[in-house]
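Undergrad: Let's see this in three dimensions:
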Amino acid sequence: MATFLIVGAPIALLLLWAIVSFNRFVSQRQLIDNSWSNVETELRRRHDLIPNLVETVRGYAEHEQATFVEVTEARRGAVAASGPADKHQGVEHALTAGLRQLMAVSEDYPDLLASQRFLDLQRELVTTEDRIQASRRLFNGNVRDYNRRVESIPSMLIATIGRFSKSDYFEVEPAVALVPNVGTT
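TA: The predicted model follows:
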């Protein structure tokens with residue numbers, strides 16, 4: 001009986017540790033999937049705002065056709081992207097660049113900048129960009145914790161056996177940010 005305890009107890013503890021570690025990997029992977037879903041929701045929200053923004057700017061800035069086409073094509077690519085973060089990275093960067101160009105065009109049209117519709121859409125876009133960044137930070141935090149476990153001893157043994165591999169981070173800059181209006185007195 002003593003031999004069984006001396007040999008069996010460490011083996012049982014090792015097996016218990018392996019099961020707990022495996023289940024933690026599964027839980028972390030699900031957490032990453034869930035947080036990525038939140039990022040995608042916010043990206044879709046941004047994608048849905050863009051046609052209204054383009055049409056509003058187009059009403060004032062008819063000579064900027066190339067910018068409208070660029071933003072529309074970038075949006076089309078972003079909407080078509082599916083899957084994990086690395087599949088979205090490039091198309092979202094292109095969309096961000098297009099939105100920045102669209103916002104730069106709007107600065108040349110004072111009537112547009114005074115339009116309540118444009119201001120409302122711009123405010124909504126800023127709010128959406130903030131939500132994207134918050135969701136992205138949560139997603140990347142979950143990825144960081146998961147990747148740390150995948151690469152750390154002894155959990156890397158379970159990661160290798162369970163075929164848990166590193167996840168990719170998602171990086172995208174905000175297309176617009178609300179600049180505070182600082183008045184002089």
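
Undergrad: The helix or strand of the chain with the lowest mean pLDDT: how far from the chain's middle?
TA: Using mean pLDDT, DSSP states H and E, helix 110-114 stands out as the lowest-scoring helix or strand of the chain, at a mean of 87. Here helix 110-114 is found 31 Å from its chain centre; the criterion is C-alpha atoms, centre = their mean, to the nearest Å.

Undergrad: same deal with stretch 85-98?
TA: 10 Å.

Undergrad: List the contacts of that stretch.
TA: Applying C-beta atoms under 8 Å, 6 or more residues apart in numbering, the contact partners of stretch 85-98 are 36, 39-40, 43, 46-47, 50, 67, 70-71, 73-75, 77-78, 80-81, 139, 167-175. Using the backbone N, CA and C atoms, a C-beta is placed for each residue, glycine as well.

Undergrad: can you check stretch 138-150 too?
TA: 24-25, 28-29, 31-32, 35-36, 38-39, 85, 155-156, 159, 164-171.

Undergrad: now with 10 Å?
TA: With contact meaning C-beta atoms under 10 Å, 6 or more residues apart in numbering, stretch 138-150 is reached by 21, 24-25, 27-40, 85, 155-156, 158-160, 162, 164-171.

Undergrad: Ok, stretch 14-28 next?
TA: By C-beta under 10 Å, 6+ apart, stretch 14-28 touches 142-143, 145-150, 154-159, 161-164, 167.

Undergrad: and that stretch, which residues are buried?
TA: Residues 18, 21, 22, 25, 28 are the ones in stretch 14-28 that count as buried (16 or more other C-beta atoms under 10 Å).
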